[in-house]
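S.K.: Sequence first, predicted model second:
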Amino acid sequence: MSGAAHTSTFTTMRWNGITSVAHFNEHLERLKAHAHRLDIEWPRNGNSAIRKVLLDSFDSDTGSSNNTDIGLVKLRLDDEGTFSAVTRWKPISENQLTSENNVSICNATAVEAPRWDGGVTGCKHGDWQPYHDAGALANERGCEIALLIHDDAVVDCQWATPLLLDDDGTAWYPAPSEGCVDSISLKTITPYLAQEGIPLIAGRLTRNLISRAHSFIAIGSGIGVKQISEIDGQKIGSDSTSFANMCQQSFNSAIISAWFDLKEEKV
């Protein structure tokens, strides 16, 4: 289960609806790293090609009818060395419109994690349909988040990264060795967690760890921060949203300071 995976790699960035994306260099570095892992050669004119396809996709976008929607752009590199980009708009949750300190609460469901051979697991690659299928299954079950399970531990989400605050004050996320896609969103809030004295640990999010969690969230470019209150009907964590709100504020602050204007900045 790895042949189709080697056909492409991609990354999805926040877009301000004009010509800027957030954390551009970090996304570019991850895209290059995943291309290398998938044996996809990086084009010699890669940077100029990226600038062109992104700006072209921005120009062709017709805009959103709702000014609260979140702009996203997916940048893809295929195995023939061709870049492409597609923009889209994602509605923000209603309760997130009222206050920065009102984090969105959601339910999750457990889904078996897809696995690939040869170091492919953990990359954003061309055989991404199992992640879409996990999302569709979560939707059928009335949930927003699919928690991907392997060897009796949560190893990823279908469109975000799980982050757990243990009752001892440490924060846990799935280790890359478990098959988790390395999260740019999580990296951006890591300094804020350190300032609050919260150690960040990569490890195994086991049933036991989840059962005693003080808070369990999902974080990603498209969804921002969501607090997971239930997994398949079982209550998770306390009723406090303080950790989730802190992560959301940190996520928003990191984006504000990380806009990269493709027309003004040198790629």
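M.R.: Nice, I can see it. Numbers count the residues shown, from 1 in each chain.
S.K.: okay, CA-based contacts and neighbour counts for the rest of this
M.R.: Fine.
S.K.: The residue located most distally from the centre of the chain: what's it in contact with?
M.R.: Distance to the chain centre peaks in the chain at Arg44, reaching 27.8 Å (criterion: Cα atoms, centre = their mean). For Arg44, no residue counts as a contact, taking Cα atoms under 8 Å, 6 or more residues apart in numbering as the criterion.
S.K.: Same check on Ala5?
M.R.: Residues near Ala5 by Cα under 8 Å, 6+ apart: Leu38, Val120, His125, Gly126, Asp127, Trp128.
S.K.: redo that, cut-off 7 Å
M.R.: If a contact means Cα atoms under 7 Å, 6 or more residues apart in numbering, then Ala5 has His125, Gly126, Asp127 as its contacts.
S.K.: got the phi/psi numbers for the spatially closest residue to the first one that is not a sequence neighbour?
M.R.: Translated: His125. Spatial nearest neighbour of His125, excluding adjacent residues (Cα to Cα, 6 or more residues apart in numbering): Thr9 at 4.3 Å. Main-chain torsions, Thr9, degrees, to the nearest 10: phi -140, psi 160.
S.K.: and which of the contacts of Ala5 is nearest to Gly237?
M.R.: When the contacts of Ala5 are compared for distance to Gly237 (Cα to Cα), His125 wins out at 32.9 Å.
S.K.: can you list the domains in the chain?
M.R.: Following automatic domain parsing, one gets these domains for the chain: 4-92, 104-253.
S.K.: Out of those, which is closest to Phe260?
M.R.: For those, proximity to Phe260 was assessed by Cα to Cα; domain 4-92 is nearest, at 5.1 Å.
S.K.: mean confidence for that closest one?
M.R.: Confidence for domain 4-92, expressed as mean pLDDT, is 95.
S.K.: All further residue positions should be reported with the first residue as 62.
M.R.: Right, with 62 as the first residue, what we last looked at is domain 65-153.
S.K.: Include distance to Glu325 when you put the domains of the chain into a markdown table, please.
M.R.: Conversion of the domains of the chain to a markdown table gives the following (distance: least, Cα to Cα, whole Å):
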| stretch | distance to Glu325 |
| --- | --- |
| domain 65-153 | 9 |
| domain 165-314 | 22 |
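S.K.: list the contacts for Ile289?
M.R.: Under the criterion of Cα under 7 Å, 6+ apart, the neighbours of Ile289 are Ile166, Cys167, Asn168, Ala169, Phe277, Ile278.
S.K.: Kindly recompute the last result at 8 Å.
M.R.: Per Cα under 8 Å, 6+ apart, neighbours of Ile289: Ile166, Cys167, Asn168, Ala169, Ser276, Phe277, Ile278, Ala279, Ile297.
S.K.: for Gly180, same thing?
M.R.: Contacts for Gly180 (Cα under 8 Å, 6+ apart) come out as Arg98.
S.K.: mind checking the SS state of it?
M.R.: Assigned state for Gly180: coil (three-state reduction, DSSP: H, G, I helix; E, B strand; the rest coil).
S.K.: any idea how far Ile210 is from it?
M.R.: Taking Cα to Cα, to the nearest Å as the measure, Gly180 falls 18 Å from Ile210.
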